[in-house]
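Colleague: what follows is a predicted protein model with its sequence.
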Amino acid sequence: MKKSHRKRDFVLLIAGILIISIVILYFLSWSSALLKMDKAIDGEVRPVRYEGKHYRYNEDLINILCLGIDHSNALDQEVLPGDRGQSDAIFLISLNAKTRQMKILNIPRDLMMPINIYDSKGNFFTKRTMQLTLQYAYGNDGDDSCKKTAGLISTLLLDIPIHRYCAVNFNAVPVLNDAVGGVTLQMDSEHVDVELQKLSPMFAPGNTVHLMGERCFEYLHVRDIHTYASCEERAERQKVYIKEYIEAVKKKAKEDPRLLFKLYSILDENMTTDIGKLELLSLPFYLDELDFEASIISIEGKRIQGEIHEEFYANDEELERLVVETFYTLSDE
């Protein structure tokens with residue numbers, strides 16, 4: 001049971017790791033025009049009318065799907081459809097090529113929607129309403145799994161295009177942390193999860209801690225499952241970690257221009273992506289220009305306990321509002 005909780009709770013951590021180790025690895029080194037020529041998912045985006053006003057899709061946006069996979073094997077290993085693992089962390093990162101701002105949409109893994117089911121030969125079999133996390137399992141290979149998941153997410157978000165994708169398994173997380181020399185941050189001054197404090201006195205309220213290896217893992221995952229809303233407290237810790245990890249990468253990259261290539265190499269064995277390594281070449285000149293004050297946004301809805309697993313049902317009205325506000329702009333017409 002504990003292992004299951006630990007895997008499922010990588011959510012905000014994966015966002016931080018992927019934002020730094022993948023998304024910024026390529027965004028600024030390619031023009032938006034080039035990126036738009038070769039999309040993972042084209043989408044069929046169209047103008048919308050919302051609350052009496054006309055909106056069009058914001059063409060300045062570059063959307064990258066980031067997945068955290070709960071599979072310990074190599075992501076390119078040959079397996080039967082249905083056995084490739086699940087996407088326990090699902091994020092769509094949207095970068096504005098004009099303003100250099102970034103928004104991160106956290107998509108619940110348990111979001112219920114029609115999933116495409118395939119047989120053992122990879123042929124389409126049927127559709128079934130299931131958790132979104134399961135779609136990744138039905139790809140013929142890692143790239144196909146990413147594209148199938150990206151297709152569903154595009155459909156969910158009014159058919160917006162998705163330009164790039166990456167999937168990383170969880171083996172890479174502690175290594176990526178240590179590659180930047182670890183992360184220094186301050187514990188909450190008033191409250192720290194009881195279970196976390198039991199592991200080490202360094203996690204006492206108000207302490208300044210330097211996270212390396214297993215301590216990083218503990219900080220990001222441990223919580224008292226018997227305490228109400230402990231997952232929210234942990235989520236706040238993870239947000240702090242993301243911010244400080246970003247700063248650690250920026251600082252380390254100035255000292256070592258090869259850092260980003262090292263991070264990419266670490267990820268290489270644990271990653272499936274259509275982001276090319278050569279796209280890193282001009283990045284060091286732009287790191288300081290990117291606005292890292294990322295806005296993490298979530299889909300509102302209702303979570304219930306299904307017969308076996310939790311099920312999340314999006315609030316359709318709120319989802320439409322979120323999509324329009326995030327991916328659209330007022331039309332001149």
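Modeller: Sure thing, it's come through.

Colleague: any weak-confidence spans in the stretch 1-150 of the chain?
Modeller: 1-40, 70-84 (pLDDT under 70).

Colleague: all strands for it, in order.
Modeller: 48-50, 53-57, 61-69, 87-96, 102-106, 112-118, 124-131 (DSSP state E, counting those that start in this stretch).

Colleague: ok, residues contacting the second one?
Modeller: Read that as strand 53-57. The contact list for strand 53-57, computed with C-beta atoms under 8 Å, 6 or more residues apart in numbering, reads 45-49, 160, 324, 327-331, 333. (Each C-beta comes from the backbone N, C-alpha and C, glycine too.)

Colleague: ok, back up a step: out of the strands of the stretch 1-150 of the chain, nearest to Asp274?
Modeller: strand 61-69 (9.8 Å; C-beta to C-beta).

Colleague: which strands or helices does that closest one pack on?
Modeller: helix 11-18, helix 32-37, strand 87-96, helix 142-156, strand 164-169 (3 or more C-beta pairs under 8 Å, 6 or more residues apart in numbering; DSSP states H and E).

Colleague: let me know the next secondary structure element after the last one.
Modeller: Just to be clear, that refers to strand 164-169. Elements were assigned by DSSP states H and E; along the chain past strand 164-169, the next helix or strand is helix 173-179.

Colleague: then that next one to CSV, C-alphas only?
Modeller: Only the C-alpha atoms of helix 173-179 are listed here, as CSV (Å, rounded to 0.1, in the frame of the first residue of the first chain):
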residue,chain,number,x,y,z
VAL,A,173,14.1,11.7,-10.2
PRO,A,174,16.8,11.4,-7.5
VAL,A,175,19.6,11.4,-10.0
LEU,A,176,18.3,14.7,-11.5
ASN,A,177,18.1,16.2,-8.1
ASP,A,178,21.7,15.3,-7.3
ALA,A,179,23.0,16.4,-10.7
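
Colleague: closest one to Glu195 out of the contacts of strand 53-57, please.
Modeller: Taking those together and measuring to Glu195 by C-beta to C-beta, the closest member is Phe327, at 38.8 Å.

Colleague: over to the nearest residue to the closest one once chain neighbours are set aside: give its phi and psi.
Modeller: Spatially, and ignoring its direct neighbours in sequence, Phe327 is nearest to Ile160 (5.2 Å; C-beta to C-beta, 6 or more residues apart in numbering). Main-chain torsions, Ile160, degrees, to the nearest 10: phi -70, psi 150.

Colleague: flag the shaky bits of the stretch 201-333 of the chain, pLDDT-wise.
Modeller: Using pLDDT under 70, the flagged stretches of the stretch 201-333 of the chain are 225, 227-232, 235, 276-294, 333.
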